[in-house]
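Undergrad: model this:
(one chain, ligands or ions: 1)
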Amino acid sequence: MAKIKFSFSDLLNNPIKIIAAIYPYMLVVIIGIGFFYIRNSGTLVQNKIAPKIDDSTNIVTDLPFEDAKIAAAVDLKDFTEINPALVEKGKKLFETACSSCHGTNGKGDGPAGIALNPKPRNFHLVEGWKNGRKTTEIYTTLQKGILATGMPGFDYLAPSERIAIIQFIRSWMPEPPKDTPQEVTALDQTYALSAGTKVPGTIPVVSAEKLYEANYSERIWKINFALAKLSNEKLTNESAKIFFSVTTNQQKALVTLFNSSSWRSSEKEFLEVITNNLKENGFSGKVFSLSSTELSNLFNLLKSVAV
Ligand code: HEC
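TA: Residues are numbered from 1 along each chain as shown. Model (predicted):
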């Protein structure tokens, strides 16, 4: 094979040789690019396809599967200083959880509260508060409820949600009384607010917000209505009395029933649901000592109330 020799003057005299000289290098580069395309064709094609977005509701950042965890610590300043963002958040929560009894304007005139005695509190009035109007005092009311009357506890709301509602309620009050730093510290010590509290886990739901609006608030309304009816009949109706005697947390008990699709079908199913996971489900061990007539009466009452 003839050896091709290049010299600079040679190349100038005979430019076609330039191509011959760089051709092998070009070949290597072209083959290299070819390999690159073959190996990466999948990715290259994918990158060219525009992401498909059907409509804005499908890009919901869904709730992840999450285990129970410690909730963000509460900022204790929110007990003593007005925080407009919280007031706004509290307004929405109030409408969902409280307005059925206390009325949209906080005057104690909500539809579920009409029959209650004592009436739901009118937040605009200064007189007659049992626990008091200070933030820490209302926090305690929401933690424990006033169960002798129709005011349920709201310990299932996160501390920050409760504080938001309180900030909103206090915006209606004439000269809302302030907590002293000592009172805030005492509450903090009782409930470890600035250390954070345990919150339950979450599961994915599609379009959580829609579900929340449609189902959650409707369910809270139903539960509050049922609770209001039961509280109201507690003194006159034997079966309502039984309900209060076999439950440790009336609201939880109603949540248990509303969460079950089967209990309405028979007394047997009913008994199964209310004895499953006792205490956690709002019912107490006393359900086991009910006579069959009592059980039957309770079943019929709840079927008519929890609808
Ligand atoms: C099922 C009806 C009902 C619902 C729902 C309800 N309340 Fe009440 N609430 C009452 C009744 C009845 C009273 C009066 C209780 C009493 O004077 O013993 C009351 C009283 C109160 C009081 C006054 C406590 C005191 O010191 O006298 C506060 C504060 C309060 N509710 C806040 C709330 C908030 C906040 C919510 C929502 C998270 C709420 N309530 C939801 C029925 C309800």
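
Undergrad: how about the helices in the stretch 201-307 of the chain?
TA: Assigned by DSSP state H, counting those that start in this stretch, the helices in the stretch 201-307 of the chain fall at 208-211, 217-233, 238-245, 250-259, 267-275, 292-305.

Undergrad: got a list of what T190 touches?
TA: Contact partners of T190, counting by Cβ atoms under 8 Å, 6 or more residues apart in numbering, are absent. Glycine gets a C-beta too; all of them are placed from N, C-alpha and C.

Undergrad: G108 versus that one, what's the distance?
TA: Here the criterion is Cβ to Cβ, to the nearest Å. By it, T190 lies 28 Å from G108.

Undergrad: Show me the domain layout of the protein.
TA: As assigned by automatic domain parsing, the chain contains the domains 8-48, 69-199, 231-305.

Undergrad: Let me know which of those is the nearest to F225.
TA: domain 69-199 (4.8 Å; Cβ to Cβ).

Undergrad: tell me the mean pLDDT for the closest one?
TA: Averaging pLDDT along domain 69-199 gives 90.

Undergrad: ok, that domain near the ligand or not?
TA: Yes - Domain 69-199 reaches the ligand (Cβ under 6 Å from any ligand atom) through 97-98, 100-102, 112-113, 116, 118, 120-121, 129-132, 138, 141-142, 146, 149-152, 154, 165, 169.

Undergrad: With respect to S217, which of the domains of the chain lies nearest?
TA: Nearest to S217, of all those, is domain 69-199, at 4.5 Å by Cβ to Cβ.

Undergrad: For the ligand, find the nearest of the helices of the stretch 201-307 of the chain.
TA: The minimum distance between the ligand and the helices of the stretch 201-307 of the chain falls on helix 217-233, with 4.0 Å, by Cβ to the nearest ligand atom.

Undergrad: number of nearby residues for T185?
TA: With neighbours defined by other Cβ atoms under 10 Å, the count for T185 comes to 15.

Undergrad: secondary structure element for it?
TA: helix 181-191 (DSSP states H and E).

Undergrad: Buried residues of that helix, list them for me.
TA: Neighbour counts over helix 181-191 (16 or more other Cβ atoms under 10 Å) mark 183-184, 187-188 as buried.

Undergrad: Run through the residues of the stretch 201-307 of the chain sitting next to the ligand.
TA: 224, 227-228.

Undergrad: do that again at 8 Å, thanks
TA: Residues of the stretch 201-307 of the chain lying close to the ligand by Cβ under 8 Å from any ligand atom are 220, 224-225, 227-228, 231.

Undergrad: Show me where the stretch 51-200 of the chain has its helices.
TA: Counting by DSSP H, counting those that start in this stretch, the helices of the stretch 51-200 of the chain are 84-97, 99-102, 135-144, 159-170, 181-191.

Undergrad: would JSON lines of those with distance to N259 be doable?
TA: JSON lines is the format used below for the helices of the stretch 51-200 of the chain (distance: least, Cβ to Cβ, whole Å):
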{"stretch": "helix 84-97", "distance to N259": "17"}
{"stretch": "helix 99-102", "distance to N259": "19"}
{"stretch": "helix 135-144", "distance to N259": "22"}
{"stretch": "helix 159-170", "distance to N259": "20"}
{"stretch": "helix 181-191", "distance to N259": "26"}
